[in-house]
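*Asks:* Quick one, what's the 3D model for this:
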Amino acid sequence: RWIRRVDDNGNQKLSLEEFEEGLRDQGMKDLNKEEMREVFNRFDKDGSGQVNVTEFLLMMQPKMSDRRMRLVKAAFDKLNTDRGDKIITTGDLETVYDYSKHPKYVNGDWNGKRCLREFLDSFDDKNQPDGKVSCLVVSKTS
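*Replies:* All right, here's what the predicted structure looks like:
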């Protein structure tokens with residue numbers, strides 16, 4: 001909600017100016033321009049000069065507990081049927097993900113490969129999707 005509120009042009013990304021305005025509205029009035037730029041750069045992980053929703057949420061979410069990390073790792077291991085490569089692809093999912101009851105498969109909008117890809121894409125890097133999810137990506141969510 002905060003991003004939508006301070007995103008003046010509605011592109012779902014915050015420029016430095018929008019970011020500064022939003023932080024000042026939240027009471028962070030003591031930061032000078034240089035400090036504000038430093039905070040902005042910490043959020044702007046891809047160096048694009050804008051903070052997108054994913055970058056913002058990754059910076060704001062708390063560190064995962066050890067219990068949750070174990071659950072995520074267990075889920076990753078279950079989906080990674082080719083355990084040697086430590087990368088989940090649609091090929092891995094074919095043996096463990098049942099798309100036959102997916103609403104878009106049932107009504108004929110998507111084929112099985114599309115269901116698998118959409119499922120995998122929900123975990124892929126939104127800025128650079130490549131159809132692969134690695135264990136490194138899992139650990140970056142902490």
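*Asks:* Neighbours of Phe119, how many?
*Replies:* 16 (other C-beta atoms under 10 Å). C-betas here are computed from N, CA, C, even on glycine.
*Asks:* Check the spacing between it and Asn11 real quick.
*Replies:* Phe119 sits 27 Å away from Asn11, going by C-beta to C-beta, to the nearest Å.
*Asks:* and what of Arg24?
*Replies:* 20 Å.
*Asks:* mind checking how far the most centrally placed residue in the chain is from Lys132?
*Replies:* Centroid-nearest residue in the chain: Thr54, 5.0 Å away (criterion: C-alpha atoms, centre = their mean). Distance, Thr54 to Lys132, using C-beta to C-beta: 17 Å.
*Asks:* Could you list the buried residues of the helix ranked longest in the chain?
*Replies:* Counting residues, the longest helix found in the chain (DSSP state H) is helix 66-79. Residues of helix 66-79 classed as buried by neighbour count (16 or more other C-beta atoms under 10 Å): 72, 76, 79.
*Asks:* Check whether the second one really touches Ile88, as I assumed.
*Replies:* Meaning Phe76. Yes: judged on C-beta atoms under 8 Å, Phe76 makes contact with Ile88 at a distance of 7.0 Å.
*Asks:* hey, what's in contact with both of the two?
*Replies:* Contact criterion C-beta atoms under 8 Å, 6 or more residues apart in numbering; residues shared by Phe76 and Ile88: Val133.
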